[in-house]
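[1] This is a predicted model, with the sequence first.
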Amino acid sequence: MPELPQDDPARTAHQSPARPRGPSSAGMYDYALGGKDNHAADRAAVDSIGEVLPEVRAAAWANRGFHQRAALWMAQHGITQLIDLGCGLPTTPSTQEAVQKITPAARVLYVDHDPTVAARAHALLTRPGTTSAALADLRDPRALLELVRLDGLIDLAVPAGLLCTAVLEHIPDPGDPWSCLARLVWALAPGSYLALSHLTADHMPPDGMPAVLRACREATDPVCPRPLRQITRFFGGLELIPPYRGAARELCTAGQWGAEDPELADDASSRWWWAGVARRPHGTPPAGPPA
């Protein structure tokens, strides 16, 4: 990644990060994972959710576990370059640490729309020739793709892995996250893969999601949980991969994907998320997201 210019907002945010007025999705996730890159508002929001849903921290780890297993699965199936979309604050092990154990030459581009997060990724994760970080927003897929081309780490003519975990619930319906994601996925080479997880209330108790929404009311990013039917739309035209041995080609809860014992992995924390991995086939994209 080219050196950030002196007036780049990501550089400014990294040098003197502004204290957010409310919680941020990145800060809350970092705190839930046991990180230290968070503020009091982030901690208070997660703790308030935990009063109703005590598995809140385990749910963050369930999503992170899916992210790592999906990245490893892609590396094991020949993918040597990945885009970590909405990467969030650096977490150990990082995506590159996971996949480079299988493919040492694997390349990872970290992308986030938050200037502070992108700057942290740039400072802590980038390595010349193997990793890079970029400030871009999925809600503007054309600009994001242009940035990927300019960055040069990812070759869009070669199959890539797109990791989009716990990202799309922060784009409300009017922003049409289905079309935004489709434009990005179908710009990748045939044989590329999408790994996606999405927050859902499908398995929560009646007071569960209201507690999440209350805690995030002042957050910098909106929270838009969706049911299975709407999450399945993100995979329109793609070829779903069976999530575990003997399973049908369908979405599952986050803990189940890639699990050796899917029943044991399917606990309350796993059920916060629908998750799946799909292959981008040859041919043109569908006319529009299926209803």
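    All right, it came through fine.

[2] Please, where are all the helices along the chain?
    Assigned by DSSP state H, the chain shows helices spanning 9-15, 25-32, 40-52, 56-76, 95-99, 115-125, 141-151, 177-185, 208-215, 228-232, 262-265.

[3] So which of those is the most surrounded?
    helix 25-32 (a mean of 25; mean count of other C-beta atoms under 10 Å). Yep, even glycine has a C-beta here, placed from its N, CA and C like the rest.

[4] which residues touch the residue nearest to residue 168 when sequence neighbours are not counted?
    Closest residue to residue 168 apart from its sequence neighbours, by C-beta to C-beta, 6 or more residues apart in numbering: residue 177 at 4.7 Å. Residues in contact with residue 177 (C-beta atoms under 8 Å, 6 or more residues apart in numbering) are 138, 139, 168, 171, 234.

[5] For residue 281, which of the helices of the chain is the nearest?
    Among the helices of the chain, the nearest to residue 281 by C-beta to C-beta is helix 177-185 (10.9 Å).

[6] List only those of the contacts of residue 177 flagged as buried.
    138, 168, 171, 234 (16 or more other C-beta atoms under 10 Å).

[7] Just to check, residue 87 is in contact with residue 111?
    Yes. Shown here, residue 87 and residue 111 form a contact pair, counting by C-beta atoms under 8 Å, at 6.3 Å.

[8] any shared contact partners between the two?
    residue 133.

[9] what's residue 111 in contact with, if anything?
    Residue 111 makes contact with 83, 84, 85, 86, 87, 118, 133, 134, 135, 136, 144, according to C-beta under 8 Å, 6+ apart.

[10] Now tabulate these in CSV and tack on pLDDT.
    Converted to CSV, the contacts of residue 111 look like this (pLDDT from 0 to 100):
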residue, pLDDT
83, 98
84, 97
85, 97
86, 95
87, 94
118, 91
133, 94
134, 93
135, 96
136, 96
144, 97
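
[11] I appreciate the help and will end here.
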